[in-house]
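*Asks:* Return a 3D structure for these sequence lines:
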Amino acid sequence: MSVATIEDTKQILDKLVAFPTISHNSNLAMVDYLASFLGQLGARVFLQHNGDGGKANLFATLGPDKDGGIVLSGHSDVVPVQGQSWSGDPFKMVERNGRLYGRGTCDMKGFLACCLAIARGAAELDLVRPLHFAFTYDEEVGCFGAKALIKELARRGIKPSAALIGEPTMMRVIEGHKGCYEYTTNFVGLEGHGSQPDLGVNAIQFGARLITHLMALGERLKDHAMAGSRFDPPWATIQVGHISGGTGRNIIAGNCSVEWEMRPVQPSDAALVKESLDTFINQQLLPEMQAVSPSASIETIVVSEVEGLQVVAQSEARDILYDMTGANGADVVAFGTEAGLFQEAGISAIICGPGSIEQAHKPNEFIDIEQLKSCLKMLSHLQAKLV
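*Replies:* Okay, the predicted model is just below:
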């Protein structure tokens, strides 16, 4: 049987890094490479394109065509490099002092490279349980690819029982994380001369009041932290990431957009925020705006709502990871992944992958080669248990 080596993995990762799969770019060239690689091993492969055909998910299967398979899952997209200070070309992998540098080495093409490296050996085995590979688009901007893929699996009647999401955790087993809900609230007011503010509706000022309310809600959520919460911080959080609007300092701002997110620990956190905002907007802000300009409006657009990964008493995926890694405990994290989407679909999900989240999204992103070796060892144990 072919044995996955670190040299094979490094060569694969070098190719993957060279694909500039920033979320606003197409990922098709990389997906074609992945499909060709797995297809040549005899995997059953299908691609699922997004609406405009510029991106695609890949789903591939080795082994028998039956229920109960195990999914190795990762995303193909990476975050932008614009405005970051890199010491070299972000899309040319460089090895230095036991580390591999390049955009996506850690988040999360290192895991994808490990998956391909062990696939060679898995293809030679008489698997009694399917081994699936799920590589998605647009995780970084809302997990849109994973949402579409999970629906497609249901449509095709493909029913895996467990999923391993290889986000960078330093190979720690992660059994829970917060949700990630992202929104844009748009205000349309009434422009006018800055010398007569009472005759206009200043959208920025109303946007600022919304932000103040959001920050107050964030403080309230601290009192709703679950007893014994293992998250850091232990409560749900709210964060405003971007605000834009207006045309000049002497013009009443006719528009404003506020981009914000919340990361709920439990569904009741999200319900509290939504109910409070709805009341505040519709009973206070909007009536004040429309008293001056009946056409004034406030609209909150849902960018993405990705459920958290809930800690459960019984977890097949966690048991598999304990068996593969020798771990006897699991942690939780604050950052989001696609794992909650698999769990929501009835697939036991767990997170464990090479590299540190501390390196993700930063200039000169890197992964330690030792982390890749540990991941290869884990995945090799997995394939041995599928025969």
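*Asks:* Gly241 falls within a helix, correct?
*Replies:* No: counting by DSSP: H, G, I helix; E, B strand; the rest coil, Gly241 falls outside a helix, being strand.
*Asks:* so Phe206 sits right up against Met289, yeah?
*Replies:* Yes: assessed by Cβ atoms under 8 Å, Phe206 is found in contact with Met289 at 6.2 Å. For every residue, glycine as well, the C-beta is placed using N, CA and C.
*Asks:* shared neighbours of those two, which are they?
*Replies:* Residues touching both Phe206 and Met289 (Cβ atoms under 8 Å, 6 or more residues apart in numbering) are Phe187, Gly189, Ile298.
*Asks:* Most neighbours among those, which one is it?
*Replies:* Phe187 (29 neighbours; other Cβ atoms under 10 Å).
*Asks:* Write down the beta-bridge partners of it, one by one.
*Replies:* For Phe187, the beta-bridge partners are Cys256, Ile298 (DSSP bridges).
*Asks:* thinking it is in contact with Ser257, fair?
*Replies:* Yes: the criterion here is Cβ under 8 Å, and Phe187 meets it with Ser257 at 7.4 Å.
*Asks:* Which residue ranges of the protein form helices?
*Replies:* Listed in chain order, the helices of the chain (DSSP state H) span 6-17, 28-40, 110-123, 144-156, 203-222, 267-280, 286-292, 316-325, 339-344, 369-384.
*Asks:* For the third one, what is the distance to the chain centroid?
*Replies:* Okay, so that is helix 110-123. 21 Å (Cα atoms, centre = their mean, to the nearest Å).
*Asks:* burial of Lys109, as a residue count?
*Replies:* 30.
*Asks:* Now do the closest residue in space to Leu382 that isn't next to it in sequence against Gly207, distance only.
*Replies:* Spatial nearest neighbour of Leu382, excluding adjacent residues (Cβ to Cβ, 6 or more residues apart in numbering): Met324 at 5.4 Å. Separation of Met324 from Gly207 (Cβ to Cβ, to the nearest Å) stands at 49 Å.
*Asks:* ok, now Ala271?
*Replies:* In terms of Cβ to Cβ, Ala271 sits 24 Å off from Gly207.
*Asks:* same question, Leu285
*Replies:* Distance from Leu285 to Gly207, by Cβ to Cβ: 9 Å.
*Asks:* which one of the two has more residues nearby?
*Replies:* A count of neighbours by other Cβ under 10 Å puts Gly207 above the other of Leu285 and Gly207, at 26 against 19.
*Asks:* so what's that one up against?
*Replies:* Thr185, Phe187, Ile243, Gly245, Cys256, Ser257, Val258.
*Asks:* can you name the two of those that are farthest apart?
*Replies:* Thr185 and Gly245 (11.1 Å; Cβ to Cβ).
*Asks:* anything in contact with each of those two?
*Replies:* In contact with both Thr185 and Gly245: Gly207, Ser257, using Cβ under 8 Å, 6+ apart.
*Asks:* re the thing from before, residues shared between the contacts of Phe187 and Ser257?
*Replies:* With Cβ under 8 Å, 6+ apart as the test, Phe187 and Ser257 both reach Gly207, Gly245.
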